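Asker: structure for the following, please:
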Amino acid sequence: MSTTESPQITTDAPGDVADQVVKETLEDYTLRFAPRSYRRWTPMVVATTALGGIAYMADFSIGAGIGLAHGTGNALVAITVAAAVIFITGFPLAYYGARYNIDLDLITRGSGFGYYGSVLTGIIFASFTFIFFALEGSIMAQGLELGLGLPLWLGYAVSTLMVIPLVVYGMKALSKLQVWTTPIWLLLMVGPLVYLIANDPGTVDRFLAYPGTSGDGAVNTASVMLGAGVCLSLIAQIGEQIDYLRFMPPKTAANRRTWWTAVVMAGPGWVVLGALKQAIGVFLAVHIIAEVGPAAAPEPIQQFRSAFDAMMPSWLVVPLAVVLVVISQIKINVTNAYSGSLAWTNSFTRVTQHYPGRMVFVLLNLAFALALMEADMFSVLGSILGFYSNCAIAWVVTVATDIGINKYLLKLSPLQPEFRRGMLHAVNPVGVVAFVAASGLSIAMYFHLFGDTLQPYSPVAAAVIAFAVTPLMAVATKGRYYLRRTGDGIAEPLLDTDGNPSAVTLDCHVCRQPYERPDLAACPTHDAVVCSLCLSTDRLGEHVLPASA
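Answerer: This next block holds a predicted model:
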C-alpha cells in the first residue's frame, strides 16, 4: 500500500490533480476502508491505544455534578443505567468497525442513513469532539492556573495549541503516546483513591450518605433520569473508539479469543472505566465539598489536589495534580482533534466533492473548541450535555438498532456494510426519519414543551423512539432504500474465506494508487476500477456506477 494519501479530485483533469499527492499521509485513511497492509498492530495494542483516550477528566466533573445535585444514591443509579445503555448500543457498532475496518460514519451510511443522509450524523459527531475538547481544555486550564498561575484565557490557548503537533501523524503517533502514558495516568488516578479509603474508611460512609442539594437523598426516577441524561451524552464516544478499532487485524481462528477480548474491552467496554471515573468524581467531590465549596468541588484539579494533599508532602501536591490533569487532557484531546477532523472531512467531502485534507479540519475543530472555552462553557456543563445527549442517543440507537434488528433479525438491511458512492442511495428514510423523530421529540421534551413532568425523561424518549421507529421504517420501506445497486462490477470477492475484507490489491485508474478490494468499485466509462475517495470527489459523476434495476 502506498504511504501517501490519494489526491483530491476536483477538476476534469484528474491526472493533473493526482500530481498533488503526498500532501497528507495515509495515517488516518480519511473517508475510506483501512487496508490490511496497514493494520500491523496486535489486537491488544489497538485496544490499549483506544482505551488511552478514556483518560479524560470530564467524567469526574460529570459524576460530581450529578452527585452534588441529586445525591450519591441517585448518581450511582444514573451512572449505572447510562453505562448499560451505552454498552448495549456500542457493541454492534464496535464489532462492525473492527470486523470491516471502517469508521462510524461509514457504518452509518449503510446502516439506515444513505450516502448523504449520514452527513447529518457526521456533524453531530464532530460537535461531540469539539464540545468534549473544550471541556477537557477547560479542566487543563484550571490546572495550569492553580499550578503555574497562568490566566484561564491563556491556559485555554495552551491546551488547544499543544495537541496540534501530536495529531498530525495519525494512528502511529497516537498509539505510541497512548501506550506509554497510560501506566502513569492509572497510577496517579487510582493511588490517591486507594489511600483515602484505606486511611479513612469513614469517607466511604459520608460518600454513600450524601443527600445532594435538590432533595433528601432518596432514589427517585426523575433524578435518576436527569443524571442519566447527562451521562448519556457520552454515548457518541463509541465513534472515537471505532476510529481506533478500525485498525484491528483480521479475525482468524488463531486470534479469535484475543480479537474478541480487544473489541469488547476497547469498544463498548470503555464505559466501564468511564462509569468508575464518574463514581470516583462523586466520591472526591463529597470528600472536598466542605473544604472548597460546591462551586469548585466538580473541578478535577481541586479533587486531586485535595486527594494528593492527604498522602504526600505539600510541595509535591500541586505539581502532581497538574501533571495528572495535563496527561489526561493530552491523551483525550489528541483523540478529540483526530476524530473530529475525520468527521468534518467526511461530511465536507461528500457535500462539496472536494477533499481539502484533514489538517484543515483539525484547525477548524480546535477553533470551535477554543471559542467554547473562552465562553466559559464549563460553568454550564450539565445543561450542554443534557441537551446534546438527545441527539447523540437518537443517532447511536438508530444505527445499533439497524444492525441488531434490521440486519440480523428482520434481514431487511444488507448484512455487510456498504459505504461507497454509487452503491448507496443518497438518503435512506429508515435511519433519517428515525433519527429526526427521536432527536426532535426528545429535544422538545428537554425544553419542557410537553410539560415539566416529562422533561427528565427526554433521554429515554430518544432511545425508545429510535429503537421503535428504525425497524418500523425498514418494514414500511421493505428495505428498498439501502442499496442503489447490488454489485460493484468487480469479479473479485469482497471477503476472504475467513469472512474478512479481502486484501487483494488493484490500482485506481484516477489517482493511480493501489488499494485493497473493499475500497474500490468498477468504473462505468473505463475498463478499470476507482477508489472510494476518487468517487467521493468526482464532481461530474463520470466514475459513479449507474443504479441497477
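Asker: from here on, just use CA atoms for contacts and neighbour counts.
Answerer: Will do.
Asker: tell me which helix or strand in this structure has the weakest average pLDDT.
Answerer: Using mean pLDDT, DSSP states H and E, the weakest-scoring helix or strand in the chain turns out to be helix 14-18, at a mean of 40.
Asker: secondary structure class for Ala400?
Answerer: Three-state assignment for Ala400 (DSSP: H, G, I helix; E, B strand; the rest coil): helix.
Asker: show me the contacts for it.
Answerer: Thr89, Gly90, Pro92, Leu93 (C-alpha atoms under 8 Å, 6 or more residues apart in numbering).
Asker: where does the first one fall, secondary structure wise?
Answerer: I take that to be Thr89. helix 72-100 (DSSP states H and E).
Asker: which parts of that helix are buried?
Answerer: Under the neighbour-count criterion of 16 or more other C-alpha atoms under 10 Å, helix 72-100 has 72-83, 85-87, 89-100 buried.
Asker: what is the burial count for Thr486?
Answerer: 13 (other C-alpha atoms under 10 Å).
Asker: give me the three-state assignment for it.
Answerer: Classification of Thr486 using three-state DSSP returns coil.
Asker: show the contacting residues for it.
Answerer: Neighbour list for Thr486: Met423, Ser548 [criterion: C-alpha under 8 Å, 6+ apart].
Asker: did I read that right, Asp538 in a helix?
Answerer: No - under three-state DSSP, Asp538 falls outside any helix and is assigned coil.
Asker: from the chain's centroid, how far away is the helix holding Thr89?
Answerer: 13 Å (C-alpha atoms, centre = their mean, to the nearest Å).
Asker: so what secondary structure elements neighbour it?
Answerer: When contacts are defined as 3 or more C-alpha pairs under 8 Å, 6 or more residues apart in numbering; DSSP states H and E, helix 72-100 packs onto helix 58-70, helix 104-108, helix 202-209, helix 221-231, helix 237-245, helix 256-266, helix 270-292, helix 381-401.
Asker: CSV for those, including mean pLDDT?
Answerer: As requested, those are exported to CSV (pLDDT from 0 to 100):
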stretch, mean pLDDT
helix 58-70, 90
helix 104-108, 93
helix 202-209, 89
helix 221-231, 89
helix 237-245, 89
helix 256-266, 95
helix 270-292, 91
helix 381-401, 86
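Asker: can you list the ones you listed in TSV and add distance to Glu418?
Answerer: Compiled in TSV, the helices and strands packed on helix 72-100 are given as follows (distance: least, C-alpha to C-alpha, whole Å):
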stretch	distance to Glu418
helix 58-70	34
helix 104-108	7
helix 202-209	49
helix 221-231	31
helix 237-245	16
helix 256-266	21
helix 270-292	26
helix 381-401	13
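Asker: who wins for proximity to Tyr156 among those?
Answerer: Nearest to Tyr156, of all those, is helix 58-70, at 15.3 Å by C-alpha to C-alpha.
Asker: what is that closest one packed up against?
Answerer: Secondary-structure packing of helix 58-70 (3+ C-alpha pairs under 8 Å, 6+ apart): helix 72-100, helix 119-148, helix 221-231, helix 270-292, helix 300-309, helix 381-401.
Asker: angle of it against helix 221-231?
Answerer: Going by axes from the mean of the first three to the mean of the last three C-alpha atoms, to 10 degrees, helix 58-70 is angled at 160 degrees with respect to helix 221-231.
Asker: please enumerate residues in contact with helix 58-70?
Answerer: For helix 58-70, contacts defined as C-alpha under 8 Å, 6+ apart pick out 73-76, 79, 132, 135-136, 139, 211-215, 217, 223, 227, 230-231, 274-275, 277-286, 294, 297-300, 381-382.
Asker: same thing with stretch 74-92?
Answerer: Identification of contacts with stretch 74-92 by C-alpha under 8 Å, 6+ apart yields 63, 66-67, 217-220, 223-229, 231-232, 235, 238, 264, 267-269, 271-272, 275, 278-279, 282, 396-397, 400-401, 403-404.
Asker: show me which of these are buried.
Answerer: For those, buried by 16+ other C-alpha under 10 Å: 63, 66-67, 217, 219, 223-229, 231-232, 235, 238, 264, 267-269, 271, 275, 278-279, 282, 396-397, 400-401, 403-404.
Asker: could you name the specific helix or strand carrying the residue nearest to Val362 when sequence neighbours are not counted?
Answerer: Nearest non-adjacent residue to Val362, counting by C-alpha to C-alpha, 6 or more residues apart in numbering: Ser341, 4.8 Å away. Here Ser341, judged by DSSP H and E, is contained in helix 314-352.
Asker: buried sites along whichever helix or strand comes after that helix?
Answerer: Past helix 314-352, further along toward the C-terminus, the next helix or strand under DSSP H and E is helix 358-374. Using 16+ other C-alpha under 10 Å as the burial criterion, the residues of helix 358-374 that qualify are 358-359, 361-370, 372-374.
Asker: can you give me how far helix 358-374 is from the chain middle?
Answerer: Taking mean C-alpha positions (C-alpha atoms, centre = their mean), helix 358-374 and its chain are 16 Å apart.
Asker: that helix versus helix 314-352: what angle between them?
Answerer: Using the same axes, to 10 degrees, the direction of helix 358-374 lies 130 degrees away from that of helix 314-352.
Asker: now helix 358-374 against helix 119-148, angle please.
Answerer: Angle, helix 358-374 to helix 119-148, by the same axes, to 10 degrees: 60 degrees.
Asker: could we number from 59 for the rest of this?
Answerer: Shifting the count to begin at 59 puts that one at helix 416-432.
Asker: and helix 416-432, what does it pack against?
Answerer: helix 177-206, helix 210-219, helix 372-410.
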